[in-house]
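A.B. asks: next input, structure requested:
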Amino acid sequence: MAEYLLFATERYALPILQPLARALQAGGHGVSAWLVDGAAGAELPAPVRMVDDVRAAVALRPRAVFSAANWVPPFVAGAKVQLFHGFNVEKRDAARGHFRVRGLFDLYCTQGPATTAPFRELAASAGHFKVVETGWPKLDPLFGEPDPLARQLRQAAGGRPVVMFASTFTERLSAAPHLLAAISAEIAGGERYWILTLHPKCAPDLFERYRSLVGPNACFVDTEQLVSAQRAADVLVADTTSVVSEFVVQRKPVVTFRNRAPKPHMIDFDDPAALPAMLARAFDPALAPLAAIAAYADAIHPYRDGQSSQRVIAATEALLAGELGPLGRKPLGALTRGLQIRRQLGYWGRSAR
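C.D. replies: Below is the predicted model:
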């Protein structure tokens, strides 16, 4: 039985890894998870085995390591596979953003044409990694089997339209402080049911304020329940969070507050007092930008079959079998980065082969 390792540094990576874990287990493989930094203390459901420390991860000698972070320990055995922790929503400049290559990964499993083309250009230039377009495991549950939590959320709405609110933790981009009063008023009105959530890194006082809105017209969900919430909602209100792109993949309207890079598929606004009007537009099929939404969804994630995890596994096996061609030597900078990771994790033993 082949062993595979799932790696994450933040709690929000868990919904990315869980569908992949299920697909690996369905194939009869052993699956372990190693969660560090911001993800430390979290768990994936059994039968995933939790790896306690760096030495246990090295001793596991996995066939492949699937990372939902922007780095991976190079001294652990196995192919290093990048799954991405989100869509490219242009939060930062290109030099620091989605397409930064550090020489740590052997395979990039891209989400759709919008990421595949740039990464293939990088791969052709660098030569030390491969690129396969697979879709994103996190979104498999959006299109898979019935979701009990999504059904419960719809039932709580009592037949009313459902709005989801999500916000990034980046202070200069976050809508959460600015829209609190407007959202509170909408919830009090009771015309629609609200599902509220915040990025795990948001300030504790914001969590307290938004949780205080919970009642017959609103609920609050944690990051592990994000996909179910997206599936249950009809419209999303957000900012520059990558949840915008995840939600649009369902071909549903999004209302964005001061998005850093507004696009035609977004209903973007900058005055909190305009929220009611923006919601009315989003819920009106004649006014919502449905054609732009569909075009954007096809560009970033055209897969609606719930099988991205299986494609990730197939791509990894193709890499290991040599079917994707040879890998070139990793750049010198990867050695420096590897030493930094060793120092960070406190491991100076041998690299596993």
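
A.B. asks: secondary structure element for the residue sitting nearest the centre point of the chain, which one?
C.D. replies: Centroid check for the chain by CA atoms, centre = their mean gives residue 86 as the closest residue, at 3.9 Å. Element membership of residue 86 [criterion: DSSP states H and E] is none; it lies in no helix or strand.

A.B. asks: just use 327 as the starting number from now, easier for me
C.D. replies: Yes, from this point I'll number from 327; that puts the last item at residue 412.

A.B. asks: in contact with it, which residues?
C.D. replies: Under the criterion of CB atoms under 8 Å, 6 or more residues apart in numbering, the contact partners of residue 412 comprise 568, 571. Bear in mind the C-beta positions are built from the backbone N, C-alpha and C, glycine included.

A.B. asks: and if we set it to 10 Å?
C.D. replies: Contacts for residue 412 were tallied using CB atoms under 10 Å, 6 or more residues apart in numbering; they are 338-339, 342, 394, 424, 437, 462, 464, 494, 567-569, 571-572.

A.B. asks: of those residues, the lowest pLDDT goes to which?
C.D. replies: Across those, the bottom pLDDT score, 61, is held by residue 424.

A.B. asks: hang on, the earlier thing: so which of the contacts of residue 412 comes closest to residue 378?
C.D. replies: Residue 378 lies nearest to residue 339 out of the contacts of residue 412, by CB to CB, at 17.9 Å.

A.B. asks: does the closest one touch residue 411 like I think?
C.D. replies: Yes: at 5.8 Å, residue 339 counts as touching residue 411 under the criterion of CB atoms under 10 Å.

A.B. asks: what sits in contact with each of those two?
C.D. replies: Here residue 339 and residue 411 share the contacting residues 393, 394, 395, 464, scored by CB under 10 Å, 6+ apart.

A.B. asks: ranking by neighbours, what's the top pick from those residues?
C.D. replies: Within the shared contacts of residue 339 and residue 411, neighbour counts (other CB atoms under 10 Å) peak at residue 464, which reaches 29 neighbours.

A.B. asks: excluding its backbone neighbours, what's nearest that residue?
C.D. replies: Among residues not flanking residue 464 along the chain, residue 342 sits closest, at 4.2 Å (CB to CB, 6 or more residues apart in numbering).

A.B. asks: how deep is the one you found tucked in, by neighbour count?
C.D. replies: The number of residues packed around residue 342, counting by other CB under 10 Å, is 26.

A.B. asks: do residue 555 as well
C.D. replies: Look at residue 555: counted by other CB under 10 Å, it has 27 neighbours.

A.B. asks: distance of it from residue 479?
C.D. replies: Separation of residue 555 from residue 479 (CB to CB, to the nearest Å) stands at 7 Å.

A.B. asks: now do the shared contacts for these two.
C.D. replies: Listed as contacting both residue 555 and residue 479 by CB under 10 Å, 6+ apart are 473, 488, 490, 521, 545, 547.

A.B. asks: surely the first one and residue 466 touch.
C.D. replies: Read that as residue 473. No: with contact defined as CB under 10 Å, residue 473 does not count as touching residue 466 (11.2 Å).

A.B. asks: so what sits against both of the two?
C.D. replies: The overlap between the contact sets of residue 473 and residue 466 (CB under 10 Å, 6+ apart) consists of residue 553.

A.B. asks: low-confidence ranges, this structure, go.
C.D. replies: Within the chain, the stretches with pLDDT under 70 are 415-424, 679.

A.B. asks: strands of the chain, start to end?
C.D. replies: Read by DSSP state E, the chain holds these strands, from start to end of the chain: 329-334, 356-361, 375-376, 390-393, 405-408, 433-436, 456-459, 488-491, 519-522, 544-546, 561-564, 580-583, 592-595.

A.B. asks: show me the domain layout of this structure.
C.D. replies: Each structural domain of the chain that the record assigns through automatic domain parsing is listed here as a residue range: 329-466+631-671, 471-626.

A.B. asks: number of nearby residues for residue 470?
C.D. replies: Residue 470 has 16 neighbours, counted by other CB under 10 Å.

A.B. asks: how about residue 509?
C.D. replies: The number of residues packed near residue 509 is 22, by other CB under 10 Å.

A.B. asks: I appreciate the help and will end here.
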